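Chemist: Quick one: sequence and predicted model below, then my questions.
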Amino acid sequence: MQTMTDNPMRTQLPQVAHARNPGMALDLDWVAAVQANTSAIERRAASLPGRRSVKKEFQAAWLLKAISLIDLTTLSGDDTVGRVQRLCAKARQPVRAEMLEALGMPGLTTGAVCVYHEMVETAVRALEGTNIPVAAVSTGFPAGLSPFHLRIAEIGESVKAGAREIDIVISRRHALTGNWQALYGEMAEMRAACGEAHVKAILATGELGSLRNVARASLVCMMAGADFIKTSTGKESVNATLPVSLVMIRAIREYEARTGFKVGYKPAGGIAKAKDALVYLSLMKDELGHPWLQPDLFRFGASSLLGDIERQLEHHLTGRYSAGYRHAMG
Ligand SMILES: O=C[C@H](O)COP(=O)(O)O
């Protein structure tokens, strides 16, 4: 495994805009050929957190990089306009101004803000004057069991309200029953309903039963034109994990090798610690390389990760930790 021995904010490669994945015809032979060696994947995943992958002097830079990749999220039944406005203020200025100055990164923002449809307009207004996109969770999130035409209509409503990214949920039952044609058809329609907005396909991997199903569902969603594949809604009992990430990342690699199109990756749910974020970044760098360390190809779906990163950065600058409550998100 490589170590992250560089400063990612200073040694950025020029960002080359990648062509949007147009999708392809469903190739059932390819889907059927996909396997996942669970014990090998679990062994490799278990070895990841223990490795010292980031040199201490570069840790702050990698944490700033992580901030730029967060979809800062609130997805609660008790979300209010005020909470979303505070969240957006945090997205605009994720860390205290004097800290960003001291770290040489004034103007740093999060990658996006992610909310329910009802809060899209509020978020769009609160982010005016920035280039921070609003992502809406759509299609009967989190279960995805509302009537299909309503799920499609919901996408249209969120796009109309100003969402530039749509996080859809797949019908888990299609993956669980191996009905890849149905999953492909659903995903392709959802992608079409998004228009210019980019679509992230949430697989809800904790409910797919096996890593092989995760690999196959990843592939089918990419074939149907997903711009990103995302692990979880954050509401399943098991959300983003490293084994699932390895499987999805390798599916992305294989898809690019065969089609030439890059698809993004978004682990989401339960990623709350700065050290976990660093493990994910080093995994992305190892398995897919630099392009997947940019916000157009990688995001963390996280509601509280930013607070812990801020605490670590404060420690880096002052040698002291502040209390967690000082870093409330919303
Ligand atoms: O997509 C994002 C997730 O819902 C956030 O999950 P989290 O609250 O566990 O960070």
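Modeler: In hand now; what should we look at?

Chemist: Tell me who's in contact with the residue of the stretch 151-300 of the chain found nearest the ligand.
Modeler: The minimum distance from the stretch 151-300 of the chain to the ligand, using CB to the nearest ligand atom, falls at residue 234 (2.4 Å). In short, each C-beta sits where N, CA and C put it, glycine included. Taking CB atoms under 8 Å, 6 or more residues apart in numbering as the criterion, residue 234 is in contact with 73, 75, 142, 268, 269, 270, 301, 303.

Chemist: So which residues of the stretch 101-250 of the chain form helices?
Modeler: Along the stretch 101-250 of the chain, the segments classed as helices by DSSP state H, counting those that start in this stretch run 120-126, 148-160, 172-176, 180-194, 211-223, 242-259.

Chemist: Mean neighbour count and mean pLDDT for those - can I get that in TSV?
Modeler: Formatted as TSV, those follow (neighbours: other CB atoms under 10 Å; pLDDT from 0 to 100):
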stretch	mean neighbour count	mean pLDDT
helix 120-126	21	98
helix 148-160	17	98
helix 172-176	19	98
helix 180-194	21	98
helix 211-223	26	98
helix 242-259	20	98
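
Chemist: So for residue 67, which of these sits nearest?
Modeler: helix 120-126 (17.9 Å; CB to CB).

Chemist: neighbouring contacts of that closest one?
Modeler: 81, 84-85, 87-89, 113, 115, 134, 136, 158, 161-163.

Chemist: now, which of those sits nearest the ligand?
Modeler: Out of the contacts of helix 120-126, the member with the shortest distance to the ligand (by CB to the nearest ligand atom) is residue 115, at 10.3 Å.

Chemist: is it true that that closest one touches residue 133?
Modeler: No - counting by CB atoms under 8 Å, residue 133 is not a contact partner of residue 115; they are 11.5 Å apart.

Chemist: Report the closest residue of the stretch 1-150 of the chain relative to the ligand.
Modeler: For the stretch 1-150 of the chain, CB to the nearest ligand atom, closest residue to the ligand: residue 73, 4.2 Å.

Chemist: Would you list the strands that the helix or strand hosting residue 71 pairs with, along with their directions?
Modeler: Assigned by DSSP states H and E, residue 71 belongs to strand 70-73. Strand 70-73 has its sheet partners listed here by DSSP bridges as strand 112-116 (parallel), strand 300-302 (parallel).

Chemist: Same list (those strands) but as CSV, adding mean pLDDT.
Modeler: Converted to CSV, the strands paired with strand 70-73 look like this (pLDDT from 0 to 100):
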stretch, mean pLDDT
strand 112-116, 98
strand 300-302, 98
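
Chemist: which of those strands is buried the deepest?
Modeler: Mean neighbours per residue, mean count of other CB atoms under 10 Å, is largest over these for strand 300-302, with a mean of 29.

Chemist: Beyond that one, next helix or strand please.
Modeler: Following strand 300-302 toward the C-terminus (DSSP H and E): helix 305-318.

Chemist: then that next one to CSV, C-alphas only?
Modeler: The C-alpha coordinates for helix 305-318 follow below in CSV (Å, rounded to 0.1, in the frame of the first residue of the first chain):
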residue,chain,number,x,y,z
LEU,A,305,-17.5,13.9,10.3
LEU,A,306,-16.8,17.6,9.8
GLY,A,307,-17.0,18.3,13.5
ASP,A,308,-14.3,15.7,14.3
ILE,A,309,-12.1,16.9,11.5
GLU,A,310,-12.4,20.5,12.8
ARG,A,311,-11.3,19.2,16.3
GLN,A,312,-8.3,17.5,14.8
LEU,A,313,-7.3,20.6,12.9
GLU,A,314,-7.6,22.7,16.0
HIS,A,315,-5.4,20.2,17.8
HIS,A,316,-2.9,20.4,14.9
LEU,A,317,-2.7,24.2,15.2
THR,A,318,-3.0,24.7,19.0
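
Chemist: which residues of the chain score low on pLDDT?
Modeler: For the chain, applying pLDDT under 70 flags the ranges 1-5, 9-16, 52-53, 323-330.

Chemist: Around the ligand, which positions in it sit nearby?
Modeler: 73, 75, 114, 233, 234, 268, 269, 270, 301, 302, 303, 304 (CB under 6 Å from any ligand atom).

Chemist: rewinding a little: any idea how far the residue of the stretch 1-150 of the chain closest to the ligand lies from residue 191?
Modeler: Separation of residue 73 from residue 191 (CB to CB, to the nearest Å) stands at 22 Å.

Chemist: Centroid-nearest residue for this structure?
Modeler: residue 266 (2.3 Å; CA atoms, centre = their mean).

Chemist: Excluding chain neighbours, what is closest to it?
Modeler: Leaving aside its chain neighbours, residue 266 sits nearest to residue 230 (3.9 Å; criterion: CB to CB, 6 or more residues apart in numbering).

Chemist: didn't the one you found look like it was pressed against residue 204?
Modeler: No - the criterion here is CB under 8 Å, and residue 230 misses it with residue 204 at 9.2 Å.

Chemist: more crowded one of these two?
Modeler: Shown here are residue 230 and residue 204; by other CB atoms under 10 Å, residue 230 has more neighbours (30 against 26).

Chemist: Bridge partners for the more buried one, pull those for me.
Modeler: residue 202, residue 266.
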